[in-house]
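Participant: Sequence below, structure please.
(chains A and B)
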Number of protein chains: 2
Amino acid sequence: MLNFTFQNPTKIFFGKGSIENLKAVLSKDQKIMMVTGKGSIKKNGGYDQIVKALEGYDMIEFWGIEPNPRYEMCIKAVEKAKSEKVDFLLAAGGGSALDATKFIAAAMKWGSGDPWDILSKGAKIESAVPLGCVLTLPATGSEMNAGAVITRESTKEKFAFISEHIYPKFSILDPETTFTLPERQTINGIVDAYVHVLEQYITYNVNAPLQDRQAEAILMTLIEEGPKVKADPINYDARANIMWCAAQALNGTINCGVPQDWATHMIGHELTAFFGIDHAQSLAIVLPGLWQHQREQKKEKLVHYAHRVWGISDLSPEEMVDVAIRKTVTFFESIGIRTRLKDYGIKLSDCRAIVERIEKRGSKMGEHRSIGAREVGEILALCE
Amino acid sequence: MLNFTFQNPTKIFFGKGSIENLKAVLSKDQKIMMVTGKGSIKKNGGYDQIVKALEGYDMIEFWGIEPNPRYEMCIKAVEKAKSEKVDFLLAAGGGSALDATKFIAAAMKWGSGDPWDILSKGAKIESAVPLGCVLTLPATGSEMNAGAVITRESTKEKFAFISEHIYPKFSILDPETTFTLPERQTINGIVDAYVHVLEQYITYNVNAPLQDRQAEAILMTLIEEGPKVKADPINYDARANIMWCAAQALNGTINCGVPQDWATHMIGHELTAFFGIDHAQSLAIVLPGLWQHQREQKKEKLVHYAHRVWGISDLSPEEMVDVAIRKTVTFFESIGIRTRLKDYGIKLSDCRAIVERIEKRGSKMGEHRSIGAREVGEILALCE
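Facilitator: Numbering: from 1, shown residues only, chains lettered A, B, ... in the order given. Reported below is the predicted structural model:
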C-alpha cells in the first residue's frame, strides 16, 4: 500500500424526507443563494421541499446552470452573489449545479485576479464561500468531494480543480428526488460512477486488497441495481443504492493508498468540450479503447477485475483482459449507453484538434504519466 | 436502506514515516499532553518519532493508561492536564490510550458535576479538549470514530460513550510501529476489528448491498492478512492492510443505513469487567453463542455471510447457519484465540452476577432490542 492522507468533512443526510434537515444546518443569519439548473428541481419535488424547509430564511435563487456547467454562467452567478452579499451557497440539482456552485464559491473569494486561472493554471485558492447541496442526480460524486469540473464555452476547454475549501459542508441525498430523472440521465449517472471506480482501481497492484474489494463492492452493486431502476424508475431501494454508490465512488475512500489513472476522464473531457456529448457518453467511448491500448500496463488488474467482478476464471491472462473489456462494454450497452465515436456521429478525423491541443499542453496522463498526445491519438483510433 | 446521517471529520495520515506529520498539525502555541500506556511506545519506535517531530513544542507526558483503561487513572490524568493548563491531548498507543484520552478530553470540560455520569448515565457532553492520536495497535477503530470505552475498577463496570466532540482531529497510522506488537495483541486486534464488522453486518436484511459488500471486504481481507502477520510480524503490507481494515471497520461507513447489533460487545464488556479477560477474548467467546441463540432472527444474514465470505452454497439454510458459526470459530481458533468460557477458567455459575446486573439495569440489547437478562443467561450457557 502507498502512503496516504485522507479527510472528508462533508456531513451526509441520506434518505426520504431528508431535505427538511436544511433547517438544522442553515442559519437565518445567513444570506443564502440557491444555485440550480433549468427547472428539473421543480419537477422532482426538490424545489418545493427546499422552499418549505427554508421558510423565513433569507434566500435568493440563481437559475440556469447548464449540464457541463459553463464558466461564463458561473461568472454571472459570482456577480449576483457578490452584489447581494451572499454568504452561503446552496446547490440544488446534480453534479453540474454543484460543480458550478463550488467554482462560484471559490471565485467569490478570488480577489482581483482572473478566476479562470483557478481552472486553467491550477492556481491555488485560499478560501471559499461555504456551500451545501441538495443532490437530485447521483453521478459525479461531487456531493462528497473537493473537486469540480467547469467548461469554458468560448475556448471549448474543460478543466477540473480540487481544493479542501470546496467540500460541501453538508449534502442531502433523497433518493425520491431521482424518481423523475429522464432515463438518459439515470444511465449516465450509473456509467459515470462506474468509471470513477475504474479510474482508481484498474491501474497496477500495490497490495491493497481492502481498497480493491471496496472498489469491487461499488462496481458489483451498480451492475445489479442499474437494470432495476431502468425497469422500475420508482424502485426506492435501487435508487438509494445507486445514489450511495455514486457518493462512495469518489469520496476519497477507495483511492486511499493506491495509484490513480484518470486518463479516460481527461480524454473524455476533450470529447465533451469539442462535440458536446454527455460526460458519461465520453467515458463509455474512451474507456474500452484506453484499456485496449494499455492492456499490458493494466493486465494484472484487468485480470483481477474479470475474476472478481465478472466471475471469470480458467482463461489465459490475455483472454481475461479481452473478457474484462468485452463485459464492460456489454454492461454499458445493455443499460443503454453507446460506446463508439461513430455512434455519436464523431469521425476520427474530427479528433485531430484534441491531439493537437494535448500536444501543445504537453500533458502526460495515466497512472504512469505515460499517455501523451501520440498515445491519445492511438487510443481515439481504437474508439472509432 | 434505512435513512442515515454520516460525518467523519478525522484526518488520517497513513504509512511509514507518517509520524513526522505531527509538525504539520500541531502548533507550538498549544500546551500538549501526551497520554500513553506503560511503555510499549518506547519499544515500537513511536515515542522517539513523536519526541523528534515535536522538538521545541510544549509537551508534557502522562504514562500508565492500562488495557481496558480505568476511570480512576483517567481522573488522575484530568487533574494533571487541568493543573498544567493543557489545551491539546495527544494519545499514543492503542485503543486504550486513545479511549482514555477521549474521556479525559470530555471530563476536562465537564464542569462541576461527576464525570462518571458521562459513562454511567450517558450524560451528553457539550465540548471536549481537542485531541489527536498516534496509533500503534490496530484494533478498536477508535482512531477514526467518536466513541470510547472506560472501565471503573471499583465497581467492575465498563461503559461506552459517544460524542461528536471526541473525534480525533487527526490520527497517524504507521504500520511499522506495529511490527513489535506481542502476538496476543496482534491477534486480539484482528478479532476485535472482525467482530466490529459483524456487529454491523449480521443483523437483518434492509436491502443495502453496497454496505454488505463493504463489510465483506473488511472480513475477507482480515481472513487473508491475519495469518500473514502471524507468520511474519514484519510483513509491512499485511500490517498495513490490517491497520486500515481496523480503522474502516468502525468509522461509520459500513453502518450507514443498516441496523446494528452490539449485544456481543455489551455482554463481552461484562466478562472483561468481571474476569479481566482481554476485550477480544470476550468477543470471541460471546459471538458464537449469541449467533446460536439468535439463529432464527439472524438467519438471512448468516446464510448470506456463509456464502459471500466463506464461499459456501448448496446447503440448506440451517446448515449454512451452522457453517457460518463453525467457520467463524475455526478462524478465531486458527489465529490463536480461544472461544469458550472454560478456556479462560470461567465457570457458568460465575456469570450469575452478570445476568443479575443486566436484570437490574433492565438493559435490552441487539438489533431488535430483544435480548434481556434471561436471554443473556441463555447465551452465556451456550458459551460455556
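Participant: all contacts plus neighbour counts: C-alpha atoms, from now on.
Facilitator: Noted.
Participant: what residue ranges in the stretch 101-250 of chain A score low on pLDDT?
Facilitator: Under the criterion pLDDT under 70, no range of the stretch 101-250 of chain A is flagged.
Participant: residue boundaries of the strands in it?
Facilitator: In the stretch 101-250 of chain A, the strands defined using DSSP state E, counting those that start in this stretch lie at A:131-135, A:147-152, A:157-162, A:170-173.
Participant: quick one: the helices in the stretch 1-150 of chain A?
Facilitator: A:22-25, A:40-43, A:46-53, A:71-83, A:95-107, A:116-120 (DSSP state H, counting those that start in this stretch).
Participant: Tell me which residues of the fourth one come out buried.
Facilitator: This means helix A:71-83. A:71, A:73-75, A:77-78, A:80-81 (16 or more other Cα atoms under 10 Å in any protein chain shown).
Participant: closest one to A:K31 among the strands of the stretch 101-250 of chain A?
Facilitator: A:K31 sits nearest to strand A:131-135 of all the strands of the stretch 101-250 of chain A, at 11.7 Å, using Cα to Cα.
Participant: what does the stretch 151-300 of chain A have sitting close to chain B?
Facilitator: A:207-210, A:213-214, A:217-218, A:221, A:237, A:240-241, A:245 (Cα under 8 Å from any Cα of the partner chain).
Participant: mind running it again at 6 Å?
Facilitator: A:210, A:213-214, A:217, A:221 (Cα under 6 Å from any Cα of the partner chain).
Participant: picking up where we left off before, and among the helices of the stretch 1-150 of chain A, the most buried is which?
Facilitator: By mean neighbour count, with neighbours taken as mean count of other Cα atoms under 10 Å in any protein chain shown, helix A:95-107 ranks first of those at a mean of 28.
Participant: List the contacts of it.
Facilitator: Here helix A:95-107 makes contact (Cα atoms under 6 Å, 6 or more residues apart in numbering or on different chains) with A:36, A:65, A:67-69, A:74, A:78, A:91, A:115, A:128-129, A:140, A:142, A:148, A:166.
Participant: Mind doing that once more with 8 Å?
Facilitator: A:35-37, A:65-71, A:74-75, A:77-78, A:89-92, A:115, A:125, A:127-131, A:133, A:135, A:137-143, A:147-150, A:165-166 (Cα atoms under 8 Å, 6 or more residues apart in numbering or on different chains).
Participant: Of those, select the buried ones using a PyMOL command.
Facilitator: Per 16+ other Cα under 10 Å, the buried members of those correspond to this PyMOL selection:
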select buried, chain A and resi 35+36+37+65+67+68+69+70+71+74+75+77+78+89+90+91+92+115+125+127+128+129+130+131+133+135+137+138+139+140+141+142+143+147+148+149+150+165+166
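Participant: Indicate the residue of the stretch 251-384 of chain A located nearest to chain B.
Facilitator: Across the stretch 251-384 of chain A, the shortest distance to chain B (Cα to the nearest Cα) belongs to A:G257, at 8.2 Å.
Participant: Please give me every residue in contact with that residue.
Facilitator: By Cα under 8 Å, 6+ apart, the neighbours of A:G257 are A:1-4, A:208.
Participant: pretty sure it belongs to a strand, no?
Facilitator: No: according to DSSP: H, G, I helix; E, B strand; the rest coil, A:G257 belongs to no strand; its state is coil.
Participant: Next, work out how far apart the closest residue to it other than its chain neighbours and B:P175 are.
Facilitator: Closest residue to A:G257 apart from its sequence neighbours, by Cα to Cα, 6 or more residues apart in numbering or on different chains: A:L2 at 4.3 Å. Counting by Cα to Cα, to the nearest Å, the gap from A:L2 to B:P175 is 12 Å.
Participant: Neighbour count: the two, which is higher?
Facilitator: B:P175 (27 against 15; other Cα atoms under 10 Å in any protein chain shown).
Participant: Give me the packing partners of the helix ranked longest in chain A, helices and strands only.
Facilitator: In chain A, ranked by residue count with DSSP state H as the criterion, the top helix is helix A:209-231. Counting contacts by 3 or more Cα pairs under 8 Å, 6 or more residues apart in numbering or on different chains; DSSP states H and E, helix A:209-231 is packed against helix A:183-201, helix A:236-249, helix A:317-335, helix B:209-231, helix B:236-249.
Participant: Grab the CA positions of the longest one and hand them over as CSV.
Facilitator: Right, helix B:209-231. Taking Å, rounded to 0.1, in the frame of the first residue of the first chain, the C-alpha atoms of helix B:209-231 are listed here in CSV:
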residue,chain,number,x,y,z
PRO,B,209,-26.0,-4.4,-0.9
LEU,B,210,-23.1,-1.8,-1.0
GLN,B,211,-22.8,-1.8,2.8
ASP,B,212,-23.0,-5.6,2.9
ARG,B,213,-20.1,-5.8,0.4
GLN,B,214,-18.1,-3.1,2.2
ALA,B,215,-18.4,-5.2,5.3
GLU,B,216,-17.5,-8.4,3.5
ALA,B,217,-14.4,-6.6,2.0
ILE,B,218,-13.1,-6.0,5.5
LEU,B,219,-13.8,-9.5,6.7
MET,B,220,-12.2,-11.2,3.7
THR,B,221,-9.2,-9.0,4.0
LEU,B,222,-8.7,-9.8,7.7
ILE,B,223,-9.1,-13.5,7.0
GLU,B,224,-6.4,-13.3,4.3
GLU,B,225,-4.0,-11.0,6.1
GLY,B,226,-4.3,-12.3,9.6
PRO,B,227,-2.3,-15.5,9.1
LYS,B,228,0.4,-13.5,7.2
VAL,B,229,1.3,-11.3,10.2
LYS,B,230,1.2,-14.3,12.4
ALA,B,231,3.8,-16.0,10.1
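Participant: what sits up against that helix?
Facilitator: For helix B:209-231, contacts defined as Cα under 8 Å, 6+ apart pick out A:209-210, A:213-214, A:217-218, A:221, A:241, A:245, B:183, B:187, B:190, B:194, B:197-198, B:201, B:235, B:238-239, B:241-242, B:245, B:248-249, B:253-256, B:258, B:305, B:308-309, B:331, B:335.
Participant: next one: the first one
Facilitator: For helix A:183-201, the surrounding residues in contact (Cα under 8 Å, 6+ apart) are A:137-141, A:212, A:215, A:218-219, A:222, A:226, A:230, A:242, A:245-246, A:249-250, A:254-255, A:258-264, A:278-281, A:283-284, A:287, A:301, A:332, A:335-337.
Participant: quick one: the helices in the stretch 251-384 of chain A?
Facilitator: Along the stretch 251-384 of chain A, the stretches classed as helices by DSSP H, counting those that start in this stretch are A:263-275, A:279-293, A:299-308, A:317-335, A:352-361, A:373-382.
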